[in-house]
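Undergrad: Build the 3D model from these lines:
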Amino acid sequence: MAAPTIEKAQFVRDLPDLAATEALAAAVAALLRPRDVVALSGELGSGKTTFARALIGAVAERCHVAREEVPSPTFTLVQAYEFPVLSVWHFDLYRLKRPDEAFELGIEDAFANAVSLIEWPERLGSLLPPERLDIRFDFVEGDKRRARITGSGTWAGRMGALRG
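TA: Residues are numbered from 1 along each chain as shown. Sure thing, here's the model as predicted:
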């Protein structure tokens, strides 16, 4: 028996400056639900951590919590943010050697109860859930970036709010 097909939707959005990246992050933050997975990919310096910081800040504002500093989890590999309505676990998997190392970070708890915001998601291999929002950041020219956004599963239906 074939595996069920997961609905997908995709579009491209130009990000000419930091404000555009922050606006996209705020739009995604407004749609987040527990158990969502947001996978951020792209080259080093392409905007993944900038987007993640803006998204976490937007969730804090949504929950009427003062914005806190959002360090990159490059060395800790995971940073958890507990908000009144939503928990966000920010993973930076760049240093992972094997996908199963993610279990030591508690990734299965994040998948079950929180929003999982994952930089370098390709390091998870088959552990990456098929139902997710993928955002790939590419350099265009200078400081300009382009985001290739793909929603799978329930994200396919929620993406209309991100097209703006």
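
Undergrad: so how far does stretch 28-36 reach from one end to the other?
TA: Between the opening and closing residues of stretch 28-36 there is a gap of 11 Å (Cα to Cα, to the nearest Å).

Undergrad: tell me the mean pLDDT for that stretch?
TA: Stretch 28-36 carries an average pLDDT of 96.

Undergrad: Need the contact partners of that stretch.
TA: 38, 55, 58-59, 62, 86-88, 111-116, 132-133, 135, 155, 158, 161-162 (Cβ atoms under 8 Å, 6 or more residues apart in numbering). For every residue, glycine as well, the C-beta is placed using N, CA and C.

Undergrad: show me where the chain has strands.
TA: Assigned strands in the chain, in chain order: 8-15, 37-42, 78-82, 87-92, 115-119, 133-141, 144-152 (criterion: DSSP state E).

Undergrad: got the angle between the fifth one and strand 37-42?
TA: Meaning strand 115-119. Compare the direction of strand 115-119 with that of strand 37-42 by axes from the mean of the first three to the mean of the last three Cα atoms, to 10 degrees and you get 10 degrees.

Undergrad: repeat for the third one
TA: Going by the same axes, to 10 degrees, strand 78-82 is angled at 140 degrees with respect to strand 37-42.

Undergrad: partners of strand 78-82 in the sheet?
TA: Counting by DSSP bridges, the strands paired with strand 78-82 are strand 87-92 (antiparallel).

Undergrad: For the strand it pairs with, what does the pLDDT average out to?
TA: The average of the pLDDT scores along strand 87-92 is 94.

Undergrad: again with stretch 43-63
TA: Within the predicted structure, the mean pLDDT of stretch 43-63 is 91.

Undergrad: got the CA positions of it in CSV?
TA: Presented in CSV, the C-alpha positions along stretch 43-63 are these (Å, rounded to 0.1, in the frame of the first residue of the first chain):
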residue,chain,number,x,y,z
GLU,A,43,23.9,28.7,3.3
LEU,A,44,25.7,30.1,6.3
GLY,A,45,24.8,33.8,6.7
SER,A,46,21.7,33.5,4.5
GLY,A,47,19.2,34.7,7.2
LYS,A,48,18.1,31.6,9.1
THR,A,49,19.1,32.8,12.6
THR,A,50,17.9,36.4,11.8
PHE,A,51,14.5,34.9,10.9
ALA,A,52,14.4,32.7,14.0
ARG,A,53,15.2,35.6,16.3
ALA,A,54,12.4,37.7,14.7
LEU,A,55,9.9,34.8,14.9
ILE,A,56,10.7,34.2,18.6
GLY,A,57,10.4,38.0,19.3
ALA,A,58,7.0,38.0,17.4
VAL,A,59,5.7,35.1,19.5
ALA,A,60,6.8,37.0,22.7
GLU,A,61,4.8,40.0,21.5
ARG,A,62,1.8,37.8,20.6
CYS,A,63,1.9,36.5,24.2
